[in-house]
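J.: no letters, just coordinates:
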DNA sequence: GATATTTAAATGTGATCACAAAATAGAGAT
DNA sequence: ATCTCTATTTTGTGATCACATTTAAATATC
């Protein structure tokens, strides 16, 4: 079998041997495939440049070609996958220009999304508590993953932390845009972390974010989110990117 | 035949009787279907709430179900189409919240995209001239469409004007995001214009945009783009939206 | 041993079929 | 006319096949 089709190691959660995962309740097969692939992309289990194929994905998830095709096309539509000149599909590679665009867009959208979430929970003690508790849970798991050096778990909980925060805003459109950005950035993020090690991650601004929510300080929250993004993206050496692509 | 499937009038360019359109060079059938549907959405030829179906689209474009399925799924992935609870697909309806989100995101992204375009042509007289000439051409055609009261042509040239401007930036990611926003907004825009008439459109800021590019004044350009968007979106009565959905 | 050429395998695309669920239409009763 | 229940049609989904093209492997050539 060709190497490009065998992506088992990339799709299975790191350290886990379970190949199958029960489909979500009420989800059809192509949605199941889509969700698993999306998670694999956001957490960086699929490395940039890796080639995918309809039949490869189908075999991976033990389905026919149809659900695999639909999932792949959907992911390509949001920019997570890209097509070669011969319509073969692969994880998009990163370029310095693209990275700069993603950074710009994230800095524009994510602080606002956080602010909207704060607005929607401000004053409502129950909801605010629930959100903060959830964020703290993700942050604790995230810190533990950093200490263990588990990159996969870290990315998982980091995205969970951020999207838990953003979802509280109820701003579906903006979240869609941001998710598209994370899908483009995820595979590359993993490469960066893999090189620098998880130690570079400990100094995030999640505590500041939670404190700002607690204090209902929108300005501080926006700054904390902004700083968190910058912290995550600024130690990326553009030269390394170019060398890698 | 059920009414929901018959979308002929919506997909054919207004005033035109030609049903077939030659596929783009090198494009496969599902890309052809996607492009035609995307244009129909951006120019508002498909009204919000309208139900689509795989077989209906397939019949419309004289292809089998496969290309129709792929095109529909791709458009749903970027938010242009939405699924009902029973996985039937339809043109998304507008809500006040969604409209506000789209407006926010457009105001964040489009002025910056315009500024980037200016930066990329600033100083380069040839490229600047070419861009301005192209913009003037679209703007003239747009004005003519307004005077004729031709909503379809107007939306066509208006999107052409904006994306011609944005494409000059070379910022593919940001353009993707903005295109997603236009796809969500297009069908609804048509409804609004249809009610207010094209007369409300003449007062756009396209001349200001072109003058700012000519003068290479980034600040003025951002303001002109911002004002243009606000002009296009501010005369929308939220109450009407709610009544419509 | 490196390079060109041929052969085999893999891949994207389009078409068609089957099936269950859902929407629609129609008949009948009130 | 209005509602209810049934029958028909429509629809999304998944599976499978065929075909042309591309990629990878194997073989031959120098």
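T.: Structure received. Note that the structure is a prediction, hence the values are computed from the model and not measured.
J.: mind checking the SS state of residue A:147?
T.: helix (DSSP: H, G, I helix; E, B strand; the rest coil).
J.: how close does it sit to DNA strand D?
T.: 39 Å (Cβ to the nearest atom of the strand, to the nearest Å). C-beta here means a position set from N, CA and C on the backbone, and glycine is covered the same way.
J.: what sits closest to the residue nearest the centre of chain A if chain neighbours are left out?
T.: Note on chain A: the residue nearest the mean C-alpha position is residue A:42, at 2.9 Å, using Cα atoms, centre = their mean. Leaving aside its sequence neighbours, residue A:42 sits nearest to residue A:186 (Cβ to Cβ, 6 or more residues apart in numbering or on different chains; 4.3 Å).
J.: just give the nearest non-adjacent residue to residue A:190, would you?
T.: residue A:44 (2.4 Å).
J.: no wait, residue A:151
T.: Closest to residue A:151 by Cβ to Cβ, 6+ apart is residue A:193, at 5.1 Å.
J.: residue A:145 is in contact with that neighbour, correct?
T.: No: applying Cβ atoms under 8 Å, one finds residue A:193 not in contact with residue A:145, separated by 11.0 Å.
J.: counting by contacts, list what the helix or strand hosting residue A:166 packs against.
T.: Assessed by DSSP states H and E, residue A:166 sits inside helix A:151-167. If contacts are counted by 3 or more Cβ pairs under 8 Å, 6 or more residues apart in numbering or on different chains; DSSP states H and E, helix A:151-167 sits against helix A:29-42, helix A:96-121, helix A:125-148, helix A:172-196.
J.: and the residue lying closest to residue A:81 once chain neighbours are set aside, helix, strand or coil?
T.: Leaving aside its chain neighbours, residue A:81 sits nearest to residue A:75 (4.7 Å; criterion: Cβ to Cβ, 6+ apart). Here residue A:75 is recorded as helix under three-state DSSP.
J.: residue A:75 and residue A:191, how far apart?
T.: Applying Cβ to Cβ, to the nearest Å, the value for residue A:75 to residue A:191 is 19 Å.
J.: what number of residues are in the vicinity of the spatially closest residue to residue A:233 that is not a sequence neighbour?
T.: Among residues not flanking residue A:233 along the chain, residue A:103 sits closest, at 5.2 Å (Cβ to Cβ, 6+ apart). Residue A:103: 18 surrounding residues under other Cβ atoms under 10 Å in any protein chain shown.
J.: ok, residue A:33 - contacts?
T.: A:57, A:61, A:63, A:67, A:68, A:70, A:71 (Cβ atoms under 8 Å, 6 or more residues apart in numbering or on different chains).
J.: can you rerun that using 6 Å?
T.: Residue A:33 makes contacts with A:61, A:67, A:68, A:71, as judged by Cβ atoms under 6 Å, 6 or more residues apart in numbering or on different chains.
J.: would you confirm that the third one contacts residue A:58?
T.: Right, residue A:68. Yes: with contact defined as Cβ atoms under 6 Å, residue A:68 reaches residue A:58; the gap is 4.0 Å.
J.: so which of these two has more stuff around it?
T.: Set residue A:68 next to residue A:58 and count neighbours by other Cβ under 10 Å: residue A:68 wins out with 25 against 20.
J.: sorry, back to before: got a winner among the contacts of residue A:33 for most neighbours?
T.: Highest count within the contacts of residue A:33 by other Cβ under 10 Å belongs to residue A:71, 27 neighbours.
J.: neighbours of the residue nearest to residue A:81, just the number please.
T.: Residue A:75 has 22 nearby residues by other Cβ under 10 Å.
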